[in-house]
Structure formats: C-alpha cells, structure tokens
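Peer 1: Structure for the following, please:
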Amino acid sequence: MNKKLSVSLMCADLMHMADDVETLEANHVDWFHIDIMDAHFVPNLTFGPDYCKALKAISHTPLDYHLMMDNPELFINAVPLTAEDYVTVHSELPEDVAKSALRLVRSKGAHTGIAVNPDTPVERILPYLNDIDLVLLMLVQPGFAGQKMKEGIMDKVAATRAFLKEHGRNDVLISTDGNISVERAVHMAELGADIFVGGTSAVFKKGQRLEDTIGTFFKAVNG
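Peer 2: So this is what the prediction gives:
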C-alpha cells in the first residue's frame with residue numbers, strides 16, 4: 001500500500017484556507033487532517049462543526065478527524081460523515097467514553113481510530129483492538145502545532161506494529177502526527193507507519209510552494 005499524506009489544515013493559511021484546500025486537492029493529497037480541540041482535554045480551541053460542513057461543501061477529499069475532546073460524541077453527532085472519513089478519539093479518555101464514541105462512528109458508516117499520546121504506552125489500545133481501523137501515534141503532546149518531537153518517540157512506531165501483529169490486527173493502519181519532516185517520514189515508513197500528518201515541517205514550509213512540498217513528500221515516502 002502506498003503511504004498516505006494527511007494534511008493538517010490547522011497549519012494552513014487561515015486567511016486563505018479555500019485557496020490552500022484547492023491547491024492541496026489539485027495535488028492529490030490523500031486526506032485532510034482536522035484537529036478538533038475543546039480547550040479542556042487539551043489547552044486549545046480549533047475547528048468546529050460549521051467549518052467542517054463548509055469544507056465538505058468545497059472538497060471531495062476524505063476527512064481525517066482527530067478529536068481531542070472530553071465528549072467526542074458531541075462533535076460526532078454534529079457533522080456529516082462518509083464511508084471515506086476517519087474519526088479518531090483518544091485512548092486517554094475513560095474506556096466507556098471512548099468505546100461509545102467508536103460505536104457511534106461505526107453506526108454512521110465512517111472508519112474509526114484510537115490516538116495514543118507520547119507518554120501513553122501502546123498497550124493502552126488493547127481494549128479497542130476489535131473496534132478500530134487506525135492507530136494515531138502522537139509524537140508531540142497534542143494541543144499546539146510546531147512542537148519539538150519527543151526524543152526516541154519514533155521507536156514507538158515499530159513497537160505498535162509489533163503489538164498489532166501479535167494480536168492479529170496487522171491490518172490496522174498506523175498514522176503518525178507531530179513535527180514530521182520528510183526525512184522522519186521515510187524512517188517511520190520503514191518502521192511500519194502508513195499515514196503521515198503533514199504540517200509546517202513537511203507541507204506548509206515557509207517560502208516553498210505547496211505543489212513542490214507535496215511532490216517531494218510523495219516521492220520520498222513512496223519511491
């Protein structure tokens with residue numbers, strides 16, 4: 001399977017978002033990564049349902065929702081989901097809350113994911129193995145873009161792939177998020193990652209055209 005690029009729209013030019021979306025879509029990025037924050041689970045606020053509905057009205061690219069919320073069902077019930085969309089909730093939530101949210105996503109026909117913070121052991125995903133299509137590995141503490149990657153965190157990719165294989169779920173995709181450069185993506189692809197959330201380190205690079213950064217990324221990770 002070719003490695004996928006999920007572009008973080010949190011890192012786009014917020015004053016020219018529609019232009020960036022058009023360019024990204026024209027250059028065939030795989031997904032748009034949408035960070036949804038509630039200012040409680042993480043100390044920041046980002047996009048809401050109205051923005052997501054407006055994005056769907058101008059784009060056909062699948063949406064990759066990352067819900068950093070205490071009450072993810074509030075958002076899941078507020079947006080239209082398609083069979084191509086992914087919705088990821090956090091393993092750090094109470095298990096009953098996370099499982100209920102994943103069931104709700106499934107009932108709406110979308111794909112499900114579970115996120116793991118840098119300091120959370122990969123074993124935390126065990127209760128969710130029968131409920132997910134994707135594991136999102138956070139390489140930085142969630143909440144703000146542009147953070148430094150935690151030392152040694154990329155080794156968690158290989159550990160997660162081994163854990164999934166051990167439990168008969170090697171079909172589950174591994175996505176990585178946080179200060180991902182092209183060089184780091186290439187290394188993590190070798191360790192078993194499938195999807196890379198691209199922000200300021202890979203896609204929205206100062207002084208470079210989106211067409212060029214996207215082309216460079218795809219060429220590097222897929223050969």
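
Peer 1: dump the residue contacts of residue 189.
Peer 2: When contacts are counted by Cβ atoms under 8 Å, 6 or more residues apart in numbering, residue 189 is found next to 3, 196, 221. Glycine gets a C-beta too; all of them are placed from N, C-alpha and C.

Peer 1: Check which helices and strands whichever strand or helix holds the last one is in contact with.
Peer 2: Residue 221 belongs to helix 210-222 when assigned by DSSP states H and E. Helices and strands in packing contact with helix 210-222 are listed as strand 4-8, helix 17-26, helix 182-191, strand 195-198; criterion 3 or more Cβ pairs under 8 Å, 6 or more residues apart in numbering; DSSP states H and E.

Peer 1: next one: it to chain centre, how far?
Peer 2: Averaged C-alpha coordinates place helix 210-222 at 18 Å from its chain's average position (Cα atoms, centre = their mean, to the nearest Å).

Peer 1: go on, stretch 124-139?
Peer 2: Shown here is stretch 124-139, whose average C-alpha point lies 12 Å from the average C-alpha point of the whole chain (Cα atoms, centre = their mean).

Peer 1: before we move on, what about stretch 103-119?
Peer 2: Relative to the mean C-alpha coordinate of its chain, stretch 103-119 is positioned 11 Å out (Cα atoms, centre = their mean).

Peer 1: Count the residues that sit near residue 71.
Peer 2: If you count neighbours by other Cβ atoms under 10 Å, residue 71 ends up with 14.

Peer 1: How about residue 195?
Peer 2: Neighbouring residues of residue 195 were enumerated by other Cβ under 10 Å; the total is 27.

Peer 1: residues in contact with the residue lying closest to residue 12 once chain neighbours are set aside?
Peer 2: Spatial nearest neighbour of residue 12, excluding adjacent residues (Cβ to Cβ, 6 or more residues apart in numbering): residue 20 at 4.4 Å. Residues in contact with residue 20, defined by Cβ under 8 Å, 6+ apart, are 9, 12, 13, 204, 210.
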